[in-house]
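# Dropping the sequence and predicted coords here.
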Number of protein chains: 2
Amino acid sequence: MIKILVIDDEESITQFLQMGLEAEQFDVVVANDGMTGVQQAKNIVPDVAIVDIMMPGMDGYEVCHLLKKHIGCQVILLSAKGEVEDRIKGLNALADDYMTKPFSFEELLARIHARLRNVRVQQEEALLTIDEKQKQIRYRGEPLLLTRTEYKLLHYFIEHPQTVLSKEAILNAVWGYDYFGSVNVVEVYMKTLRQKLGDTEHTMLQTVRGFGYKLDVPV
Amino acid sequence: MIKILVIDDEESITQFLQMGLEAEQFDVVVANDGMTGVQQAKNIVPDVAIVDIMMPGMDGYEVCHLLKKHIGCQVILLSAKGEVEDRIKGLNALADDYMTKPFSFEELLARIHARLRNVRVQQEEALLTIDEKQKQIRYRGEPLLLTRTEYKLLHYFIEHPQTVLSKEAILNAVWGYDYFGSVNVVEVYMKTLRQKLGDTEHTMLQTVRGFGYKLDVPV
DNA sequence: AAGAAAGCTGAAGATTTGCTGAAAATTTAG
DNA sequence: CTAAATTTTCAGCAAATCTTCAGCTTTCTT
């Protein structure tokens, strides 16, 4: 599922966007200020972030900069001002796109899809395929016999190929935000996943020491 | 050199853009109708194409579609109309961005740069590139095998090229403000970084005695 | 030219990280 | 309610990484 992070201090907007985007089958997470927005981003690793510029505390430019720097997701800035100089400032702050409020939801959708095209170029022939309906993941066409947790974990990796995911992010995504246990449980499950994938050399599920794990699907 | 293809039937515009973009060190090719534009694209394989929508013969949407499908370059559409529906139509025709005439040259520049960031053209140009997603830094395209601290250190330098960074500043940025140890640890890590970069002559990571270190990336 | 300061270096020791097998706890199924 | 399956915890290990330190070289000052 494609993840979208919305950061705006106006709740009317975040609610509106959450509803609208969820109706479009996106996985939406909302934050009402910059700081928690960046925090959320670290946890969920979104594909696209929609960030309002004018916010109390950390402003949109700064949030954008942090997101591009640490997460590397696509960023669309939102602004009440439509001045040319603001647009330039936004784009130079590493944003990938810039929209002026009020905007049409349709246009936002179109821009999100334009962004996603840039991210998901490599999705040609997948070695690992997810069958949501049957809650199955197939490897080279063969269904893997996974437990519920194993499924969710591998699912998360497949959603973020070629991306280093921290154990904390994994814990949040798979075990939930309110999980108490230690990250060791992730390590244990990585072992079983690698076993079931026959990945004894750790080539598919790579350990990136100090950062986390990465799914590296060979083409 | 980064290649930009401009397709517009109004010669006043193509000339204006050609001059302006060449002044910005881009390699600019111009076409005055869609058909020859696509032909040119096949020849030069541009990084970014700027395409006017309203043109006699093949219109901008169609050109855009062909470019995305066959060339895969980034496309910025230009239009006299600023209607929301037109913008959506443009973005859904696989365009990566959409601008309304009349536009400021500055904004176009900013948008071009935003596009280029996605294509990783910079990576071919830049000696050192950061891949946030994969927590990798590449030197001449080759990934460096860095530990977490080495990565953070080099990351810090790349973000501040041509800038002398004091050991104290480095310690703060990489090790955190609450770090107890001495600055010698920076010196030790500079050594390993220089080793991994093959920088035996200390030309990339220069010592500025009494002040700190400077990343000097030769273009 | 000598001394002082700043920076470099190799190696040792300390710490952290990730992996693992197995046991304990929990959930699920029969 | 039991047995099986699954999930979680734990402790030990090895390897990678980080830190420290003492001696060394280079540069600057007088």
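Here it is on my side, so go on.

# got a pLDDT number for the nearest residue to A:Lys101 once chain neighbours are set aside?
Closest residue to A:Lys101 apart from its sequence neighbours, by CB to CB, 6 or more residues apart in numbering or on different chains: A:Ala80 at 4.9 Å. Where C-beta positions appear, they are placed from N, C-alpha and C, glycine not excepted. pLDDT for A:Ala80: 85.

# Surely A:Ala80 and A:Met54 touch.
Yes: using CB atoms under 8 Å, A:Ala80 is in contact with A:Met54, at 6.3 Å.

# Of those two, which one has the most company?
Counted by other CB atoms under 10 Å in any protein chain shown, A:Ala80 and A:Met54 do not tie: A:Met54 has more neighbours, with 14 against 11.

# residue contacts, the residue lying closest to A:Glu187 once chain neighbours are set aside?
Spatial nearest neighbour of A:Glu187, excluding adjacent residues (CB to CB, 6+ apart): A:Lys167 at 7.6 Å. Contact analysis of A:Lys167 by CB atoms under 8 Å, 6 or more residues apart in numbering or on different chains lists A:183, A:186-187, A:212-213.

# returning to that earlier point: residues that sit against both of A:Ala80 and A:Met54, list them.
What both A:Ala80 and A:Met54 touch, as defined by CB under 8 Å, 6+ apart, is an empty set.

# And the residue nearest the centre of chain A, how far from chain B?
Chain A has A:Pro46 as the residue nearest its centroid, 1.9 Å off, counting by CA atoms, centre = their mean. With distances taken as CB to the nearest CB, to the nearest Å, A:Pro46 is found 12 Å from chain B.

# quick one: buried residues of the lowest-mean-pLDDT helix or strand in chain A?
Every helix and strand of chain A was ranked by mean pLDDT, DSSP states H and E. The lowest is helix A:84-92, at a mean of 84. Residues of helix A:84-92 classed as buried: A:86-91 (neighbour count, 16 or more other CB atoms under 10 Å in any protein chain shown).

# near DNA strand D, which residues of chain A show up?
By the rule CB under 7 Å from any atom of the strand, the part of chain A lying against DNA strand D is A:147-150, A:175, A:180-182, A:184-185, A:188-189, A:209-210.

# tell me the two of those residues that are most distant?
A:Arg148 and A:Gly210 (29.5 Å; CB to CB).

# the more surrounded of these two?
Taking other CB under 10 Å, A:Arg148 and A:Gly210 do not tie; A:Gly210 has more neighbours (15 against 8).

# what number of residues lie near the spatially closest residue to A:Asp97 that is not a sequence neighbour?
In this structure, A:Asp97 finds its nearest non-sequential neighbour in A:Ile76, 4.5 Å apart by CB to CB, 6+ apart. Here the count is done by other CB under 10 Å, and A:Ile76 has 22 residues near it.

# now A:Gln39
Neighbours of A:Gln39 (other CB under 10 Å): 12.

# Just confirm the residue nearest to A:Asp97 contacts A:Ile112, I think it does.
Yes: contact criterion CB under 8 Å: A:Ile76 and A:Ile112 qualify, at 7.1 Å.

# if I look at the closest residue to DNA strand C within chain A, how far off is A:Met190?
Evaluated by CB to the nearest atom of the strand, chain A has A:Thr207 as its residue closest to DNA strand C, separated by 3.7 Å. Per CB to CB, to the nearest Å, A:Thr207 is found 8 Å from A:Met190.

# what about the two, which has more around it?
Taking neighbours as other CB under 10 Å, A:Thr207 and A:Met190 compare with A:Met190 leading, 20 against 14.

# Tell me which residues touch that one, please.
Contacts of A:Met190 by CB under 8 Å, 6+ apart are A:153, A:205, A:207, A:213.

# 7 Å - rerun?
Listed by CB atoms under 7 Å, 6 or more residues apart in numbering or on different chains, the contact partners of A:Met190 are A:205, A:213.

# Got the confidence number for it?
98.

# Same check on A:Ile4?
95.

# what's near enough to touch it?
With CB under 7 Å, 6+ apart, A:Ile4 has these contacts: A:21, A:26-28, A:46-48, A:50.

# Let's see which of the residues you listed end up in strands.
Counted as lying in strands by DSSP state E, out of the contacts of A:Ile4, are A:27-28, A:48, A:50.

# Narrow those to just the buried residues.
A:28, A:48, A:50.

# pretty sure the first one contacts A:Gly20?
No: under the criterion of CB atoms under 7 Å, A:Val28 makes no contact with A:Gly20, lying 8.9 Å away.

# which SS class is the residue of chain A found nearest DNA strand D?
Per CB to the nearest atom of the strand, A:Gly181 is where chain A lies closest to DNA strand D, at 2.6 Å. Taking DSSP: H, G, I helix; E, B strand; the rest coil as the rule, one finds A:Gly181 in the coil state.
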